[in-house]
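S.K.: fold the stuff below for me.
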Amino acid sequence: MNANNFEMNSPVNRRRFFLTGGFAIATTTLLAACGKGPQSPQGEFPRIGVVPPTTGLPDGVPTDEVLLRTATSLEFNAIDTYRKVLALGLFTGSAAGTAAVVNRFKADHEAHAKALSGIITEAKGETFECANEQINKLYINPALDLILGNKDAGIAPSDTPLDDVMALALGLETLAAQTYQFYVSLLSQPKLRAAAMGIGEQESRHAAVLAQAINPGIAGIGPSTNKDTGKPNPAAVPGPFGSLGSIAVALGKKSEAGNKTTLNMETPSLNSMAYEYAKCS
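M.R.: Numbers count the residues shown, from 1 in each chain. Sure thing, here's the model as predicted:
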């Protein structure tokens, strides 16, 4: 007989076991009887006390209005980001001319947002004239932390902030272009699809200009790979039309291996759309 059997077969321990078990059963019964809520259905764990009900978000349907509101929010993401990077004072010296280009892009996004809001208003919908908070949270805020540094998060500032600002701008313009391209297939009315194609074309032009500024000349026209990092170089024509893959943006201070942090951007998913119940704060 081993020690475990001995412990259980001991009269003293059996008596203690039954006394303890009986007390536990009695206590559980008493607490269950004192609970204010209804008894739990069979097969569920018993609950003690009352749990306050929770209210989830209403179900969202990606209607034409929701798609246009979401597209508008991306325009404000770009407007706000360009405003912030212009305030950094990085576009000086040989980069002074780039400031004029960034200001032009910002003005274009303001015009896009105004046009989309007009379409929504004409359709008796409610406009959404602010940045998409999910896009800020997932992409833009982390990108700015990598560029400017975040002491609280232990992130050192980039050693090439101007290059990173250009890379972020290229990522945002590509994200906008892909979003409009995707929404063309989802919008139900021909005039809305035409509007999305027109704005998406301008976003693609923005991306092409930025890609050429980052990787100028013949080498920056078509797809190519950086021999040092093994990653794609910015290109005015990055690949076949219709690609909706993730957008890789390399940002931040270089590691000891010489690599920057890669941030992958994707078009707005269902949980980041500006549904009818979403309000600008």
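S.K.: need the contact list for residue 267.
M.R.: Remark: with contacts taken as Cβ atoms under 8 Å, 6 or more residues apart in numbering, residue 267 is in contact with 175, 178, 179, 182, 244. The way it works is simple: take the backbone N, C-alpha and C, and place the C-beta from them, glycine included.
S.K.: for the most centrally placed residue in the chain, give me its contacts.
M.R.: Closest to where the C-alpha atoms of the chain average out (Cα atoms, centre = their mean) is residue 138, at 3.2 Å. The neighbours of residue 138, taking Cβ under 8 Å, 6+ apart as the test, are 265, 272.
S.K.: tell me where this protein has helices.
M.R.: In the chain, the helices defined using DSSP state H lie at 3-9, 11-34, 64-87, 96-122, 133-135, 141-148, 161-184, 190-214.
S.K.: can you put those in a markdown table and add mean pLDDT?
M.R.: What follows is those, written out as a markdown table (pLDDT from 0 to 100):
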| stretch | mean pLDDT |
| --- | --- |
| helix 3-9 | 42 |
| helix 11-34 | 42 |
| helix 64-87 | 98 |
| helix 96-122 | 96 |
| helix 133-135 | 96 |
| helix 141-148 | 98 |
| helix 161-184 | 96 |
| helix 190-214 | 96 |
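S.K.: put together a markdown table for those helices, with mean neighbour count on each row.
M.R.: Shown next, in a markdown table, are those (neighbours: other Cβ atoms under 10 Å):
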| stretch | mean neighbour count |
| --- | --- |
| helix 3-9 | 9 |
| helix 11-34 | 10 |
| helix 64-87 | 21 |
| helix 96-122 | 16 |
| helix 133-135 | 20 |
| helix 141-148 | 20 |
| helix 161-184 | 22 |
| helix 190-214 | 18 |
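S.K.: those helices: which one's closest to residue 250?
M.R.: Nearest to residue 250 among the helices of the chain is helix 161-184; the distance by Cβ to Cβ comes to 6.3 Å.
S.K.: ok and the closest one relative to helix 141-148, angle-wise?
M.R.: Following axes from the mean of the first three to the mean of the last three Cα atoms, to 10 degrees, one obtains 160 degrees for the angle between helix 161-184 and helix 141-148.
S.K.: report the distance from helix 161-184 to the chain centre.
M.R.: Taking the mean of its C-alpha atoms, helix 161-184 sits 13 Å from the chain's own mean (Cα atoms, centre = their mean, to the nearest Å).
S.K.: next: stretch 222-238.
M.R.: On the basis of Cα atoms, centre = their mean, stretch 222-238 sits 24 Å off its chain's mean C-alpha point.
S.K.: repeat that for stretch 255-272.
M.R.: Its chain's C-alpha centre and that of stretch 255-272 lie 10 Å apart, by Cα atoms, centre = their mean.
S.K.: mind listing what's buried in that stretch?
M.R.: Of the residues in stretch 255-272, those buried under the neighbour-count criterion (16 or more other Cβ atoms under 10 Å) are 260, 261, 263, 265, 266, 267, 268, 272.
S.K.: go on, stretch 155-162?
M.R.: 155, 158, 161, 162.
S.K.: residue 206 is in contact with residue 112, isn't it?
M.R.: No - counting by Cβ atoms under 8 Å, residue 206 stays clear of residue 112, with 10.5 Å between them.
S.K.: give the contact list for residue 270.
M.R.: Contacts here follow Cβ under 8 Å, 6+ apart; on that basis residue 270 touches 60, 62.
S.K.: for it, give its distance to residue 251.
M.R.: From residue 270 across to residue 251, the span is 27 Å (Cβ to Cβ, to the nearest Å).
S.K.: can you count the residues close to residue 273?
M.R.: Residue neighbour count, defined by other Cβ atoms under 10 Å, stands at 21 for residue 273.
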